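Novice: fold the stuff below for me.
(chains A and B)
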Amino acid sequence: TQLLEQSPQFLSIQEGENLTVYCNSSSVFSSLQWYRQEPGEGPVLLVTVVTGGEVKKLKRLTFQFGDARKDSSLHITAAQPGDTGLYLCAGNSGYSTLTFGKGTMLLVSP
Amino acid sequence: GAVVSQHPSRVICKSGTSVKIECRSLDFQATTMFWYRQFPKQSLMLMATSNEGSKATYEQGVEKDKFLINHASLTLSTLTVTSAHPEDSSFYICSASTTNHEQFFGPGTRLTVL
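Specialist: The predicted structure follows:
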């Protein structure tokens, strides 16, 4: 069974601070996806990383896929209250199902 | 981006009744759709994988007779919670998979069983 360890589970910060969320596994993934979910809504796909060592930027969000494709990180610069939500990483091993991390609940206070 | 709709968004029913939830991929065809259950402040728990034209594959511990899944077309999958009980109350989310295995999620259905 593949596992994806996501940390931290909870993060409460002030507006303007930076933060990093980590997803680690002992398994290799062919791709890894990051989602953001707001209460009462479905997860929204932020990015898919495919190549080992890949870095993708989405405004203030920077996503990195580890060289060995076993880990990934999400870094948010100058967090804003609108960034509040549940962040989920999910790994794909080449089949259609995803392995989800347990999620990081981020609260950004004004 | 790919859009997935889910209906209804909220449903309240009495114990013992059945509830059907629809999941549609609006702008792409999905050979595979997934049904998840989510408890408050937790990650998604995969219930079953639904392939068009074939029987769904259920995860361990998920009763297939309790949660009936039908994937009648490339754009529609349904989940029927049969004889619902209060412990079935939850947030149910579907997703549809593209050919490169990206999953796009519906907005979810909040089920409350009284």
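Novice: and for the nearest residue to B:His85 once chain neighbours are set aside, the neighbour number?
Specialist: If you skip the residues right next to it in sequence, B:His85 has B:Ser15 as its closest partner in space, 5.5 Å away by Cβ to Cβ, 6 or more residues apart in numbering or on different chains. Glycine gets a C-beta too; all of them are placed from N, C-alpha and C. Residue neighbour count, defined by other Cβ atoms under 10 Å in any protein chain shown, stands at 12 for B:Ser15.
Novice: cool, B:Phe67 as well?
Specialist: One way to gauge burial is a neighbour count; for B:Phe67, by other Cβ under 10 Å, it gives 20.
Novice: if I look at it, how far off is A:Leu19?
Specialist: 37 Å (Cβ to Cβ, to the nearest Å).
Novice: what about the chain, any weak spots by pLDDT?
Specialist: Chain wasn't specified; assuming chain A. A:1-2 (pLDDT under 70).
Novice: you looked at the wrong chain, it should be chain B
Specialist: B:1.
Novice: near chain A, which residues of it? Just list them.
Specialist: Proximity of chain B to chain A is assessed by Cβ under 8 Å from any Cβ of the partner chain, with B:1, B:4, B:6, B:32, B:34, B:41-44, B:46, B:49, B:91, B:93, B:95, B:97, B:100-108, B:110 identified as the residues in range.
Novice: at 6 Å what do you get?
Specialist: Taking Cβ under 6 Å from any Cβ of the partner chain as the criterion, the neighbours of chain A within chain B are B:32, B:43-44, B:93, B:97, B:101-103, B:105-108.
Novice: residue of chain B nearest chain A, please.
Specialist: Scanning chain B for the residue nearest chain A gives B:Phe105, at 3.7 Å (criterion: Cβ to the nearest Cβ).
Novice: quick one: neighbours of that residue, just the number.
Specialist: Neighbours around B:Phe105, by other Cβ under 10 Å: 23.
Novice: just give the nearest non-adjacent residue to it, would you?
Specialist: For B:Phe105, ignoring the flanking residues on the chain, the nearest one in space by Cβ to Cβ, 6+ apart is A:Gly42 at 3.7 Å.
Novice: which ones are touching the residue lying closest to B:Thr17 once chain neighbours are set aside?
Specialist: If the residues on either side of it in the chain are set aside, B:Thr17 comes closest to B:Ala84, at 6.0 Å by Cβ to Cβ, 6+ apart. Applying Cβ atoms under 6 Å, 6 or more residues apart in numbering or on different chains to B:Ala84 gives the contacts B:13, B:17, B:19, B:113.
Novice: redo those residues as CSV? Include secondary structure.
Specialist: Formatted as CSV, those follow (DSSP: H, G, I helix; E, B strand; the rest coil):
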residue, secondary structure
B:Cys13, strand
B:Thr17, coil
B:Val19, strand
B:Val113, strand
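Novice: got a quick PyMOL command for the buried subset of those?
Specialist: Restricted to the buried members of the contacts of B:Ala84, where burial is judged by 16 or more other Cβ atoms under 10 Å in any protein chain shown, the PyMOL selection command reads as follows:
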select buried, chain B and resi 13+19+113
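Novice: ok, B:Gly108 to B:Cys23 distance?
Specialist: Shown here: B:Gly108 relative to B:Cys23, a distance of 10 Å by Cβ to Cβ.
Novice: overlap in contacts, the two.
Specialist: Overlap between the contact sets of B:Gly108 and B:Cys23, as judged by Cβ under 6 Å, 6+ apart, is nil.
Novice: helix, strand or coil for the residue nearest the centre of chain B?
Specialist: With distances taken as Cα atoms, centre = their mean, chain B has B:Trp35 as the residue nearest its mean C-alpha position (3.6 Å). Using three-state DSSP, the structure places B:Trp35 in strand.
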